[in-house]
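Chemist: below: sequence and its predicted model.
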Amino acid sequence: MVGASLSRSIYVFVAGTTVEQDLALIAQFNSLPNENHFNGVTRNCADFTRRVINTYFPGATGPEYINDFGMTSPKAIARSFTHYALHHPELRLRVLHVAQVPGTIKRSSECRNGAEQLYRSKKLLIPMLIFANYELPVFVASYALTGRFNPEHQFEKHPAIAAAELERQVRRAKSENDKAHVEQLEAVEGQERAEVVGTSDEWKRYRKAFDSFVEEAVREEIIPERGYLNRFIKYLDEGGTPLVDSNGALWMQLSDRGGTSKAGVSASNILASDSDSQLAYELFLARTERVLKSPKHSRETMLEFKEDWALLQYARMKSTVSVANTAMPAADTRGTLMPAGEMIEPTLSYTRCWVSAAYPCAAFVFSAPPLEPPNLYPSVRP
């Protein structure tokens, strides 16, 4: 999953199964000969997925041959399975979103089926108008009536198991015509969804706060100008040298910053004492810039972003201290900027890729402890 997220965003549709169903699937596949029957048109990966899901839930998924020009597509499987799961609330459908890791690898686009690609692409639509004007209305009507499905919308509706359970309770309350209970449950359900996905106002506040961080970084000459953040990851990829220390931790070394500097690029060393604080802060800024500018299908969840934001704040304080210590005598500057007990080293509660690059080992991994929603406007400047 981590490796795949370097090249694309991923949606995972999750439903509950029983031990008996799992054992039945294993027994079925163990009884078959170990032969490769793959065929890109009639036996592709989506066909295999359809077979697995239908083993668990007979008739749950099916192809859309008109929309996909005779093939089975992943989007058709996701759409049909979602439709089935919504009619079987006991499955407690939820959708996970794994955003593509910011980096130098080309950004993935939205997942589309064949008719949708034809409908939305001018490069294909114009030739069809000229050479297949009779067939085009058929494909457009097929997409409009049966092919419309957005996995991002499903993620926003079913982002967590708690939201799935609340949705089931809302349906039951509606069947009992208990309007007061419905309103109460819907309010809690909205809060559960917003906690994972975030609201537009919440993302807007973070963008505004980040703008102030960037302005401060330019003012303090940590970065030359804002456009530098768009080039930083590529600059790091082309000019940096990845290193692995004796403990197996990853570092990135640069030799054109008035000498040689290095920064840790893993959770255990990104904020270490021998990691260049300004280089690390530039990496945090560049990554946060990418996330906040990304469309929804390429953006991480609000839960993940809040943990990243806490690390950004920590790196910002360390960088501010570094700049202040360079510009002022080393009297009690550090004590003034960082009172004892106010800065706590993040702990290793989870790991995930932060930035992808061309180097096989240049995947930047960070972690943070569960944190309360951060203060968007902390005052750390002297």
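Modeler: Nice, I can see it.
Chemist: what are the phi and psi values at the residue nearest the centre of the chain?
Modeler: Central residue of the chain (CA atoms, centre = their mean): residue 99, 2.2 Å from the mean position. Dihedral angles of residue 99 (phi, psi; degrees, to the nearest 10) stand at phi -80, psi 150.
Chemist: again, but for residue 95
Modeler: Torsion angles, degrees, to the nearest 10, at residue 95: phi -120, psi 130.
Chemist: need the contact list for the residue lying closest to it once chain neighbours are set aside.
Modeler: Leaving aside its chain neighbours, residue 95 sits nearest to residue 155 (4.3 Å; criterion: CB to CB, 6 or more residues apart in numbering). (Each C-beta comes from the backbone N, C-alpha and C, glycine too.) If you count contacts by CB atoms under 8 Å, 6 or more residues apart in numbering, residue 155 has them with 11, 95-97, 197.
Chemist: how far does stretch 181-198 sit from its chain's centre?
Modeler: Chain-centre distance of stretch 181-198: 21 Å, with CA atoms, centre = their mean, to the nearest Å.
Chemist: before we move on, the earlier item: next one: phi and psi at the residue nearest to residue 95?
Modeler: Backbone torsions of residue 155, given as degrees, to the nearest 10, read phi -60, psi -40.
Chemist: okay, now the spatially closest residue to residue 234 that is not a sequence neighbour: neighbour count?
Modeler: Leaving aside its chain neighbours, residue 234 sits nearest to residue 104 (5.5 Å; criterion: CB to CB, 6+ apart). Counted with other CB atoms under 10 Å, residues neighbouring residue 104 total 16.
Chemist: repeat for residue 68
Modeler: A count of neighbours around residue 68, defined by other CB under 10 Å, yields 20.
Chemist: and it, what pLDDT?
Modeler: In this model, residue 68 is scored at 81, pLDDT.
Chemist: kindly report the same for residue 197.
Modeler: Residue 197 carries a pLDDT value of 91.
Chemist: who are the packing partners of the longest helix along the chain?
Modeler: With DSSP state H setting the assignment, residue counts place helix 302-327 as the longest helix in the chain. Applying 3 or more CB pairs under 8 Å, 6 or more residues apart in numbering; DSSP states H and E, one finds that helix 302-327 makes contact with helix 179-197, helix 200-219, helix 277-293, helix 333-337.
Chemist: change it to 6 Å
Modeler: Judged by 3 or more CB pairs under 6 Å, 6 or more residues apart in numbering; DSSP states H and E, helix 302-327 is in contact with helix 277-293, helix 333-337.
Chemist: now distance to residue 287 and neighbour count too, for the contacts of residue 155, in CSV please.
Modeler: Shown next, in CSV, are the contacts of residue 155 (distance: CB to CB, whole Å; neighbours: other CB atoms under 10 Å):
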residue, distance to residue 287, neighbour count
11, 22, 17
95, 24, 23
96, 21, 16
97, 18, 23
197, 20, 22
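Chemist: hmm, back to that, over to the residue nearest to residue 234: give its phi and psi.
Modeler: Dihedral angles (degrees, to the nearest 10) for residue 104: phi -90, psi -10.
Chemist: look up how far residue 253 lies from it.
Modeler: Noted for residue 104: a distance of 18 Å to residue 253, by CB to CB, to the nearest Å.
Chemist: please, where are all the helices along the chain?
Modeler: 19-30, 45-56, 74-86, 114-120, 122-131, 136-142, 151-157, 161-175, 179-197, 200-219, 227-239, 277-293, 302-327, 333-337.
Chemist: let's have those in JSON lines, adding distance to residue 269.
Modeler: Formatted as JSON lines, the helices of the chain follow (distance: least, CB to CB, whole Å):
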{"stretch": "helix 19-30", "distance to residue 269": "40"}
{"stretch": "helix 45-56", "distance to residue 269": "38"}
{"stretch": "helix 74-86", "distance to residue 269": "38"}
{"stretch": "helix 114-120", "distance to residue 269": "44"}
{"stretch": "helix 122-131", "distance to residue 269": "46"}
{"stretch": "helix 136-142", "distance to residue 269": "54"}
{"stretch": "helix 151-157", "distance to residue 269": "33"}
{"stretch": "helix 161-175", "distance to residue 269": "34"}
{"stretch": "helix 179-197", "distance to residue 269": "30"}
{"stretch": "helix 200-219", "distance to residue 269": "22"}
{"stretch": "helix 227-239", "distance to residue 269": "16"}
{"stretch": "helix 277-293", "distance to residue 269": "9"}
{"stretch": "helix 302-327", "distance to residue 269": "13"}
{"stretch": "helix 333-337", "distance to residue 269": "21"}
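Chemist: so for residue 5, which of those sits nearest?
Modeler: helix 302-327 (11.8 Å; CB to CB).
Chemist: chain center to the closest one: distance?
Modeler: 21 Å.
Chemist: which one of the helices and strands packed on helix 302-327 lies closest to residue 38?
Modeler: With CB to CB as the criterion, residue 38 lies closest to helix 277-293 of the helices and strands packed on helix 302-327, at 35.5 Å.
Chemist: can you pull the pLDDT of the residue nearest to the centre of the chain?
Modeler: 89.
Chemist: what's the answer for residue 352, then?
Modeler: pLDDT recorded at residue 352 is 48.
Chemist: look up how far residue 103 lies from the nearest residue to residue 100 once chain neighbours are set aside.
Modeler: Using CB to CB, 6+ apart and skipping the chain neighbours, the partner closest in space to residue 100 is residue 9 (4.5 Å). Look at residue 9 and residue 103: by CB to CB, they are 13 Å apart.
Chemist: same deal with residue 261?
Modeler: Counting by CB to CB, the gap from residue 261 to residue 103 is 21 Å.
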